[in-house]
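**Q** Dropping the sequence and predicted coords here.
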Amino acid sequence: MIRHHPDDALLLGLASATLARGPAVVVAAHAERCPRCRERLRQLDAVGGALLEAAEPMVLAPGALARTLARVDAIEPAAEDAGAASPTTAQARFRAGLPVGMAWPRCLSDSVPDGWRWLGPGMRWSRLTLRADPAANVFLLRIAAGKNLPTHTHAGIELTQVLYGVFDDGRKRLDAGDFDETDATIRHRPVVQPGGECICLASVEGRVVFDGLVARALGSLVGM
Amino acid sequence: MGIARQAAPQEATVNGTPRLTVVTPQGDPGPVPADEDMAALVRAVATHADRQAFAVLFKHFAPRVASYLRRGGMPAASAEDLAQEAMAVLWRKSASYDPARGGVATWIFTIARNLRIDRHRRDGASGWSFVDFENDERPDHPDPAASPEERLDERQREARVRTALRALSAEQVRVLQLSYFSDSPHSEIARELGIPLGTVKSRIRRALITLRRLIDAPTP
């Protein structure tokens, strides 16, 4: 049961394509497994359709239709899906190391994971490079059962989608499928439940700021 | 939808940028092309490469798609080029158009939007969302979270959305239009509404809350 969803402004960002790729994949990963948000996205697509219908038509140059038909004729139908995304070998190897039963979000099908890096005892993270936007600040966090991230706040907006497991940061409990949005006003200490590890997909706008000297050293060590 | 499509000609463009006219709250329903007719035209393109049907779709949608892209900050020539590309995608993908998923205008909007995002990756552009909707098409795996009221059929959805847009205030419609169509929605909303940039987010939020309420609980 999914209880925490992206707000309408984020869904609008996805529907209107104004959201940057980093946050967009996190919201998309949520919507993939959330029927409620998929319906909301359909409605927002329909809003786009209605607004398109209402747009003042632009006068096109003469011959636009003929040129479009020429374009259609020039296309080899077989060449169309040649570029369909197939997982890279790096991704396939990485996915093989994930817990059984953890679905890989389809919106990450063309992303390349760097591989797990040590963040602290029981804590690992991996950067994800998105083909559509290699500079996007997107990563996976993998925290072992019973472990916690140090108390930290955020320099910018951070979006998190729980892909596997459960964590609780004192504000709320987030299960697999749940979505969370945090910013500089929120200081939290995410604790993973003792039952099993937790894997989250996250995108950050700024750099994540950990409290405390050790944590700060740790944070700068991994470039977070 | 009640749209002042034939506004005074001198208002049609501002600095060469097509203007979007605002949906008037109590406007007449207006001659919206019946969605079934549009869907039939797409089917004709899909089943027997009907160029006549395509021409009708082109005449209606291409100028609007160009306007949408132009409004998003694209130079006129590129907007027109990409509008042609969007219509070419419509031709090529016509067989995959699923009326159960949304109206033709909605489908074309998603094609144009995706082209706008992936201008450099045209071949991959198709339409709909880059969110995977496959889970919806698996009735053998019903999601317990999907209560009936969370899943509208296409006709209900499109009707509710259009009714809701008519019920919004002109300002709220404008906020939505700029959110969808503008290259820098926040600063444009601030400028047009004469409000500080910091309050734009809450205006958008309020428009979305009203929209959601109207869609979820349509007044008869």
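**A** The structure has been received and is ready for your questions.

**Q** wouldn't B:L214 be in contact with B:A167 here?
**A** Yes: applying Cβ atoms under 8 Å as the test, B:L214 and B:A167 come out as touching, 5.3 Å apart. (C-beta placed from N, C-alpha, C; glycine too.)

**Q** Let me know whether stretch B:210-220 sits next to chain A.
**A** Yes: counting by Cβ under 8 Å from any Cβ of the partner chain, chain A is contacted by stretch B:210-220 at B:L211, B:R212, B:I215.

**Q** Is there any residue in the longest helix seen in chain B that contacts chain A?
**A** Using DSSP state H to define each element, chain B has its longest helix at helix B:51-71. Yes: using Cβ under 8 Å from any Cβ, helix B:51-71 reaches chain A at B:51, B:54-55, B:58-59, B:61-68, B:70-71.

**Q** which one of those has the most neighbours?
**A** B:V65 (32 neighbours; other Cβ atoms under 10 Å in any protein chain shown).

**Q** Tell me who's in contact with that residue.
**A** A:L52, B:L82, B:A83, B:A86, B:M87, B:I108, B:A112 (Cβ atoms under 8 Å, 6 or more residues apart in numbering or on different chains).

**Q** quick one, what contacts the nearest residue to the third one once chain neighbours are set aside?
**A** Right, the one you point to is B:A83. Counting by Cβ to Cβ, 6 or more residues apart in numbering or on different chains, B:A83 lies nearest to B:A66, which is 3.8 Å off, once chain neighbours are set aside. Residues in contact with B:A66 (Cβ under 8 Å, 6+ apart) are A:P57, A:M58, A:L60, B:A79, B:E80, B:L82, B:A83.

**Q** Can you show me the helices along chain B?
**A** Using DSSP H, helices in chain B cover B:35-48, B:51-71, B:76-92, B:104-117, B:154-167, B:170-181, B:185-193, B:200-216.

**Q** Reformat those as a markdown table; add mean pLDDT.
**A** Formatted as a markdown table, the helices of chain B follow (pLDDT from 0 to 100):
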| stretch | mean pLDDT |
| --- | --- |
| helix B:35-48 | 92 |
| helix B:51-71 | 94 |
| helix B:76-92 | 92 |
| helix B:104-117 | 90 |
| helix B:154-167 | 91 |
| helix B:170-181 | 92 |
| helix B:185-193 | 90 |
| helix B:200-216 | 94 |
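
**Q** For A:A135, find the nearest of the ones you listed.
**A** Ranking the helices of chain B by proximity to A:A135 (Cβ to Cβ) places helix B:104-117 first, at 15.6 Å.

**Q** Does that closest one reach chain A?
**A** Yes: using Cβ under 8 Å from any Cβ, we find that helix B:104-117 touches chain A at B:A105, B:T106, B:W107, B:I108, B:F109, B:T110, B:A112, B:R113, B:N114, B:R116, B:I117.

**Q** in chain A, which residue is closest to the centre?
**A** Centroid-nearest residue in chain A, with Cα atoms, centre = their mean: A:V26, separated by 1.9 Å.

**Q** That one against A:Q161, yeah?
**A** Yes: applying Cβ under 8 Å, one finds A:V26 in contact with A:Q161, separated by 5.1 Å.

**Q** ok, back up a step: any idea which of the helices of chain B is most buried?
**A** helix B:104-117 (a mean of 25; mean count of other Cβ atoms under 10 Å in any protein chain shown).

**Q** now for that helix, which elements pack on it?
**A** Counting contacts by 3 or more Cβ pairs under 8 Å, 6 or more residues apart in numbering or on different chains; DSSP states H and E, helix B:104-117 packs against helix A:35-54, helix B:35-48, helix B:51-71, helix B:76-92.

**Q** Distance to A:G97 added to the residues of helix B:104-117 next to chain A, as JSON lines?
**A** Compiled in JSON lines, the residues of helix B:104-117 next to chain A are given as follows (distance: Cβ to Cβ, whole Å):
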{"residue": "B:A105", "distance to A:G97": "45"}
{"residue": "B:T106", "distance to A:G97": "40"}
{"residue": "B:W107", "distance to A:G97": "39"}
{"residue": "B:I108", "distance to A:G97": "42"}
{"residue": "B:F109", "distance to A:G97": "40"}
{"residue": "B:T110", "distance to A:G97": "35"}
{"residue": "B:A112", "distance to A:G97": "40"}
{"residue": "B:R113", "distance to A:G97": "36"}
{"residue": "B:N114", "distance to A:G97": "32"}
{"residue": "B:R116", "distance to A:G97": "37"}
{"residue": "B:I117", "distance to A:G97": "31"}
